[in-house]
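Participant: The amino acid sequence is not available; the structure is as follows:
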């Protein structure tokens, strides 16, 4: 069966459009067996540092 990865996700850094906390996104993706994850916040890149830092914690999930 093919795997699925969310590649259009808004985080709490996407003002008025997202509420997901980045650590929770990684935990849920790992629990669902998703091999990849992306964020697509609107109008800013404030969440990128936290997203990349969190990725290092989940490299082997």
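Facilitator: Great, that's in hand. Nothing here was measured: the structure is a model prediction, and the numbers come from that model. Residues are numbered from 1 along each chain as shown.
Participant: so residue 39 sits in a helix?
Facilitator: No - per DSSP: H, G, I helix; E, B strand; the rest coil, residue 39 lies outside any helix segment and is coil.
Participant: So what's the residue count around it?
Facilitator: Neighbour count of residue 39, defined by other CB atoms under 10 Å: 21. (C-beta placed from N, C-alpha, C; glycine too.)
Participant: Tell me the spacing between it and residue 2.
Facilitator: 22 Å (CB to CB, to the nearest Å).
Participant: cool, residue 28 as well?
Facilitator: In terms of CB to CB, residue 28 sits 19 Å off from residue 2.
Participant: again with residue 57
Facilitator: With distances taken as CB to CB, residue 57 is found 26 Å from residue 2.
Participant: Would you mind telling me which of these two has the busier surroundings?
Facilitator: Using other CB under 10 Å, the more surrounded residue of residue 57 and residue 2 is residue 57, with 10 against 3.
Participant: Tell me who's in contact with that one.
Facilitator: Counting by CB atoms under 8 Å, 6 or more residues apart in numbering, residue 57 makes contact with residue 26.
Participant: Likewise for residue 37?
Facilitator: By CB under 8 Å, 6+ apart, residue 37 lies in contact with 5, 6, 7, 9, 25, 26, 29, 55.
Participant: need these in CSV with distance to residue 16 and neighbour count, can you?
Facilitator: Shown next, in CSV, are the contacts of residue 37 (distance: CB to CB, whole Å; neighbours: other CB atoms under 10 Å):
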residue, distance to residue 16, neighbour count
5, 25, 13
6, 20, 15
7, 21, 11
9, 16, 19
25, 18, 22
26, 23, 18
29, 24, 19
55, 25, 12
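Participant: Now flag whichever of these is closest to residue 43.
Facilitator: Nearest to residue 43 among the contacts of residue 37 is residue 9, at 15.2 Å by CB to CB.
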